[in-house]
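Trainee: Predicted structure and sequence below. I'll ask about it afterward.
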Amino acid sequence: MIDLFKYVTGIYDASRPIFELAPNSNTRGHSKKLIKKRSRLAVRSNFFSERVVSGWNSLPESVVSAPSVNAFKNRLDAHWATHPAIYNPECYN
């Protein structure tokens, strides 16, 4: 998620865009929704650009609109703390 935040906010300068923002501004959720392209092959569904889009689109506006990477990390941890099925940091101790 952190790398995706860097791509969307322009911290990573990609010569070729990997992600495409949704053109419709009246979507539900936050203003930086990404388009999830359909993949014909099962192999493509395992690519980074395909795996993270659903998780990114489900984040609230308060997390996505963070002014910096550190603020994004803190807000993401706070959001995921209320969703233990998504992320449980105690598993990694």
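Mentor: On my side now, so go ahead.

Trainee: When you work out contacts or count neighbours from here on, use the C-alpha atoms and nothing else.
Mentor: Noted.

Trainee: middle-most residue in this structure, spatially?
Mentor: For the chain, Trp56 is the residue whose C-alpha lies nearest the centre (CA atoms, centre = their mean; 2.8 Å).

Trainee: Quickly find the element holding that residue.
Mentor: helix 53-57 (DSSP states H and E).

Trainee: quick one: that helix to chain centroid distance?
Mentor: Centroid displacement of helix 53-57 relative to its chain, using CA atoms, centre = their mean, to the nearest Å, is 5 Å.

Trainee: buried set for the lowest-mean-pLDDT helix or strand in the chain?
Mentor: Across the helices and strands of the chain, mean confidence by mean pLDDT, DSSP states H and E is lowest for helix 48-51: a mean of 76. Buried residues in helix 48-51, counting neighbours by 16 or more other CA atoms under 10 Å, are found at Glu50.

Trainee: From the chain's centre, how far out is it? Work that out for me.
Mentor: 10 Å.

Trainee: so where's this structure shaky on pLDDT?
Mentor: Across the chain, residues meeting the criterion (pLDDT under 70) sit at 25-28, 44-46, 84-93.

Trainee: could you redo the last one with a cut-off of 50?
Mentor: The chain contains no residues with pLDDT under 50.

Trainee: Distance of Ser39 relative to Ser68?
Mentor: Distance from Ser39 to Ser68, counting by CA to CA, to the nearest Å: 32 Å.

Trainee: what's the answer for Asn24, then?
Mentor: Computed as CA to CA, the Asn24 to Ser68 distance reads 25 Å.
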